[in-house]
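Chemist: using only what follows, build the 3D model:
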Amino acid sequence: MVRINSRLAAVALLLTTTTAVSTQVASGFAASDGSIKFALNIPQNDASEDLYFSMQGSSSLSWMAIGMGNNRMDNTLMFMVYADSTGQNVTVSPRLSYGHTEPSYTNNVTITVQPGSGIANGNMTVHAICTRCRSWKGGSIDPTSTAQKFIFATGPDGSINSNSGSANIKRHASYGAFTMDLTKAVGAAGIPIIAMSDSAGTVQTQDKTDHDFSAPLHAVAMVGAFVILMPAGVLILRVFKSPRLHGWNQTVSAIVAVLGAMLGIYAGTMYNRSRNWNSAHQLFGTIIILAMIGQFVLGFMHHRIYKRTQAPTKLAPYHIWLGRVVIPAGIANGFLGFPLALNSKYNWALLALTLLMVIGFVPLWFWRYKRDANKMPLGMASDSDGYQSQPWNSGPSSSDINLGVYDGQQNYPPQPMNYPPPNYHYQNPQEGRQFV
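Modeler: Now for the predicted structure:
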């Protein structure tokens, strides 16, 4: 990692390019979309394997990079540039890439930033010397090649503002490849002038906009499942008294959450900050998904057993309490996920959506609760409460899965007007609790 002194950069950027950089022999590249410009000089008869280069891109970019040695990310040495902590100077980070994942910082090469580097006039500019940069683990460049492979990439708009060479970055917004005639770059050592157009022998072979949406889709799926679908399932059962729709809702929300988790796992493999699976968001998310699957299975088993026996099960309270834990835990984990994705600003949107759902759902639930309480005869349990510990004590239930209560809900002994079966053995009184 290399930074340039702010005062030196400010003075140098005021000078003309003829005083800031040399007009040496070089090969140049200018991306067709204007996103990045690059020039390279290779000192002749130089045993140090040094390279002299210049780069320039818009200061609105969060980062820009040039990679040497391949037309893909595999086995490339990259020069990555982004704003330092002051936002006025640049950090130059040499990185190695061994696949389509975030490149990792390497200290096996040394980059010395030269005068004229910094951020000014809407541009992010670097003039530098890279020592021991002609070969690296997995790759190299050949000064005699007339079609040496390179790649380029730019990050989305924003600012990293970091002095660290291993700063976390977002996925590239655009990328491409080009070949360069390095024989035209060999000459007297010196910092090359920024290339305004391709030099002879330079050919751009690829220019693409990134279309990988795994991380955004992961966020949409998980927010939709835990903030919208699952709370709606509670509303469907408690307010609209529809066990069938509740079951369908739970099935859909579980599928969406599992698919969202799979997208998150895939997205996590692309970044240094998440590929080791040791962040709080990933660890908590794994536990929450497992608990959600367990809750779904318990609800499914409870329904199947009740449909067969028409008797209360001991699974209902576990299903309900797991739901009470899983839904808020899933929402809370979202507030850990956006910072991990370097998008903390979306926590405000998540908070607003969560509050909106609370404001919309709670009054409906309270209205239904009061309505049922007002319709319930004195001394009788609500006919929509669900399973009863002694079913003959209440009227017919309007729910066919009865997640409302569990054993011990009703008063004991039974009402005189309703008689238990002849072979019924009374149990000791138990105090129960209504599950809302």
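Chemist: could you list the domains of the chain?
Modeler: Domain ranges of the chain: 2-209, 214-393, per automatic domain parsing.
Chemist: residue 151: what secondary structure?
Modeler: Taken by DSSP: H, G, I helix; E, B strand; the rest coil, the conformation at residue 151 corresponds to strand.
Chemist: is it true that it touches residue 76?
Modeler: Yes. With contact taken as Cβ atoms under 8 Å, residue 151 and residue 76 are classed as touching, separated by 6.3 Å. All C-beta atoms are positioned from the backbone trio N, CA, C, and that covers glycine.
Chemist: now do the shared contacts for these two.
Modeler: Contact criterion Cβ atoms under 8 Å, 6 or more residues apart in numbering; residues bridging residue 151 and residue 76 by contacting each: 67, 70.
Chemist: can you show me the helices along the stretch 251-400 of the chain?
Modeler: Counting by DSSP state H, counting those that start in this stretch, the stretch 251-400 of the chain has helices at residues 280-309, 315-340, 346-375.
Chemist: quick one: the helices in the stretch 101-250 of the chain?
Modeler: All helices of the stretch 101-250 of the chain, identified by DSSP H, counting those that start in this stretch, fall at 214-223, 230-238, 243-268.
Chemist: winner for burial among the ones you listed?
Modeler: Of all these, helix 230-238 carries the top mean neighbour count, a mean of 21, counting by mean count of other Cβ atoms under 10 Å.
Chemist: and it with helix 346-375, angle?
Modeler: In terms of direction (axes from the mean of the first three to the mean of the last three Cα atoms, to 10 degrees), helix 230-238 departs from helix 346-375 by 10 degrees.
Chemist: off-centre distance for stretch 156-174?
Modeler: Here the centre of mass of C-alpha atoms in stretch 156-174, compared against the chain's by Cα atoms, centre = their mean, to the nearest Å, lies 15 Å away.
Chemist: rewinding a little: weakest of the helices of the stretch 101-250 of the chain by average pLDDT?
Modeler: Per-stretch mean pLDDT for these is lowest at helix 230-238 (a mean of 89).
Chemist: other residues contacting that one?
Modeler: For helix 230-238, the external contacting residues (Cβ under 8 Å, 6+ apart) are 242-243, 245-246, 249-250, 253, 323, 326-327, 330, 357, 361, 364-365, 368-369, 399, 403, 436.
Chemist: drop anything exposed from these.
Modeler: With neighbours counted using 16 or more other Cβ atoms under 10 Å, the contacts of helix 230-238 contain these buried positions: 242-243, 246, 249-250, 253, 323, 326-327, 330, 357, 361, 368, 399, 403.
Chemist: so of those residues, which two are at opposite extremes in space?
Modeler: Across the buried ones among the contacts of helix 230-238, the two members that end up farthest from each other (Cβ to Cβ) are 330 and 399, 25.6 Å apart.
Chemist: returning to that earlier point: and residue 164, which of the helices of the stretch 251-400 of the chain is closest to it?
Modeler: helix 315-340 (16.9 Å).
Chemist: show me what that closest one is packed against.
Modeler: Using 3 or more Cβ pairs under 8 Å, 6 or more residues apart in numbering; DSSP states H and E as the contact criterion, the neighbours of helix 315-340 among helices and strands are helix 214-223, helix 230-238, helix 280-309, helix 346-375.
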